[in-house]
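*Asks:* Structural data only, the sequence is not supplied:
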């Protein structure tokens, strides 16, 4: 199935052309006199179902990217922000202490050993991320950046980390 899908990959322009052509055929199929004069009545009657299916699929394929972008935006804007706020309200003392430095010093990166359980917990909660897999200071410490949304929330609500 994957080979077939890779085979039929079309650009957005090609998808739009297929959609418009199919829509044109479907509209023309409504005019019997035009079909008779062009001698297309038998062809349209036999293939209208297939043309309709192809038209619907090309339309769905064409709108899928903007639809996915919209859903992703809604997720980031509402659900993700709510989830992160919930995590920030339930931080342990160690986690709060670690996050305070990001806010107090107005920095976006700190260095920690990969074995640090507190930074691992914050990483699992998607509050920070490992900037690089290449360690510094002799290869024992790694860069951890604070995510953009948690940083915004903490700047508005420093009380979540006891500031």
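*Replies:* Received, thanks. In this text, all values refer to a predicted model and were calculated from it rather than measured experimentally.
*Asks:* Do you have the strands of this structure handy? List them.
*Replies:* Listed in chain order, the strands of the chain (DSSP state E) span residues 109-113, 128-130, 141-146.
*Asks:* Rebuild the ones you listed as TSV, extending it with mean neighbour count and distance to residue 160.
*Replies:* Just so you know, the C-beta spots here come from the backbone N, C-alpha and C atoms, and that holds for glycine as well. Below are those laid out as TSV (neighbours: other C-beta atoms under 10 Å; distance: least, C-beta to C-beta, whole Å):
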stretch	mean neighbour count	distance to residue 160
strand 109-113	15	18
strand 128-130	17	15
strand 141-146	19	13
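*Asks:* and of these, who's closest to residue 62?
*Replies:* Using C-beta to C-beta as the measure, strand 128-130 is the one of those that comes nearest residue 62, at 33.7 Å.
*Asks:* and the strands of the chain as a markdown table, adding mean pLDDT and distance to residue 45?
*Replies:* A markdown table is the format used below for the strands of the chain (pLDDT from 0 to 100; distance: least, C-beta to C-beta, whole Å):
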| stretch | mean pLDDT | distance to residue 45 |
| --- | --- | --- |
| strand 109-113 | 91 | 67 |
| strand 128-130 | 94 | 59 |
| strand 141-146 | 92 | 62 |
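*Asks:* which secondary structure elements does the longest helix anywhere in the chain contact?
*Replies:* For the chain, the helix that runs over the most residues, judged by DSSP state H, is helix 41-74. With contacts defined as 3 or more C-beta pairs under 8 Å, 6 or more residues apart in numbering; DSSP states H and E, helix 41-74 has these neighbours: helix 12-28, helix 32-38.
*Asks:* In the protein, which residue is most central in space?
*Replies:* Using C-alpha atoms, centre = their mean, the residue of the chain that lies closest to the mean C-alpha position is residue 72, 4.4 Å off.
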